[in-house]
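K.L.:
How does the following fold in three dimensions:
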Amino acid sequence: MTSITRLVAAVLALSSAPLIASSAQLVFQNGRSVPLNAVDIAQDKVVIKAATEGFNPGQAFPLAAVSHVFGERPPELNQAIALLLVEKPQDAIAKLEPVAATHRVSAKIAGNFWTESARALLVAYALMGDAARATQIGKDISDATPAQGSDPFVSLGKALLMSSSASFEDREMALKDMTTDNLPADVAAYATFFRAKLLKEQKKNTEALQAYLSVPGLFPSGGLIINAAAEIHAASLLEILNRRDEAGVLVKSALLVCQETILADQANRLLESLK
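P.N.:
Residues are numbered from 1 along each chain as shown. Below is the predicted model of the structure:
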């Protein structure tokens, strides 16, 4: 079994995880739940703002009484992350801002969808060179998770914000520093992906290929969409090397998880060129 075949098998296992089809709910420790859009959270209290089954407006509960957020991951997240990775950060922001606004109320609760959308927004603004907005979002994320201190995506944003006038070596090292074992997989996946992009721009195709393959290979839990984007880029480099069979395997793997995103168009075009 080749390393690429093993890699695809791992991605298939991840992509088979079921999704829970329901609107976002706050689940209390006692098992009761309330729609996210029916509450406000302020001063560590959950306040019911709209009548819903079993709850009346004005009721308040300690935030500690909430167990987690339950519901289906917003589809806009995958679409937006895909847009980020094909260098369309402004389009990504248009999808992410409404998701972040809707889920902001649950930012301090386990299982929330705000943290991922806010982190993707930070990356998007960093890619656009908007340091002020990226810094503010980084502060918001860190404030929502005070136990861990500054969120690791803050450092990723700083690396992405480095001016294009900085040397390739400095930019590449800044991203490489974000791939250490003590950092979360999603941080390392983003950093490795953008490091691979830098290497490819410098015509360092062998190193770029290794970096792209490292995204799903070393950081498989960093995100299915970033895995798919890395596989598509790796496949395009394998095509240049006339390793068409391996390229085809990667593209087919990417297509399993990137449907309904802009990456699917890229993957289908590449698959057609490999025939």
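K.L.:
Do you have the strands of the stretch 51-200 of the chain handy? List them.
P.N.:
60-62, 66-70 (DSSP state E, counting those that start in this stretch).
K.L.:
Show residues contacting the longest one.
P.N.:
Just to be clear, that refers to strand 66-70. 20, 22, 24-29, 33, 36, 46, 106, 109-113 (C-beta atoms under 8 Å, 6 or more residues apart in numbering). Where you see a C-beta, it was placed from the backbone N, CA and C, and this is true even at glycine.
K.L.:
circling back: okay, the strands of the stretch 51-200 of the chain in a markdown table with mean pLDDT next?
P.N.:
Listed next are the strands of the stretch 51-200 of the chain as a markdown table, based on pLDDT from 0 to 100:
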| stretch | mean pLDDT |
| --- | --- |
| strand 60-62 | 94 |
| strand 66-70 | 96 |
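K.L.:
if we can go back for a sec, buried subset of the contacts of strand 66-70, written for ChimeraX?
P.N.:
Buried residues among those (16 or more other C-beta atoms under 10 Å), as a ChimeraX selection:
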select :24,25,26,27,33,36,46,106,109,112,113
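K.L.:
So which of the strands of the stretch 51-200 of the chain is the most surrounded?
P.N.:
Greatest average neighbour count among the strands of the stretch 51-200 of the chain goes to strand 66-70 (a mean of 18), per mean count of other C-beta atoms under 10 Å.
K.L.:
Can you give me the neighbour number for E239?
P.N.:
Close neighbours of E239, defined as other C-beta atoms under 10 Å, add up to 18.
K.L.:
repeat for A191
P.N.:
For A191, the number of neighbouring residues by other C-beta under 10 Å comes to 27.
K.L.:
circling back to that earlier point, I'd like the strands of the stretch 51-200 of the chain laid out as TSV, including distance to K88.
P.N.:
Output for the strands of the stretch 51-200 of the chain, formatted as TSV (distance: least, C-beta to C-beta, whole Å):
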stretch	distance to K88
strand 60-62	41
strand 66-70	28
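K.L.:
And those strands: which comes nearest P89?
P.N.:
Among the strands of the stretch 51-200 of the chain, strand 66-70 comes nearest to P89, with 26.4 Å by C-beta to C-beta.
K.L.:
Neighbouring strands of the closest one in the sheet, and parallel or not?
P.N.:
Paired strands of strand 66-70, with direction, are strand 25-28 (antiparallel) (DSSP bridges).
K.L.:
And the contacts of the helix or strand following the partner strand?
P.N.:
Sequence-wise, the next helix or strand downstream of strand 25-28 (DSSP states H and E) is strand 33-35. Outside of strand 33-35, the residues within contact range by C-beta under 8 Å, 6+ apart are 23-28, 46, 48, 52, 54-55, 70.
K.L.:
again with stretch 72-82
P.N.:
19-24, 91-93, 95-96, 98-99, 103, 113, 116-117, 120, 124, 223-226, 228-229, 258, 260-263.
K.L.:
now do stretch 135-150
P.N.:
By C-beta under 8 Å, 6+ apart, the list of residues contacting stretch 135-150 from outside reads 107-108, 114-115, 118-119, 121-122, 125, 151, 153-154, 157.
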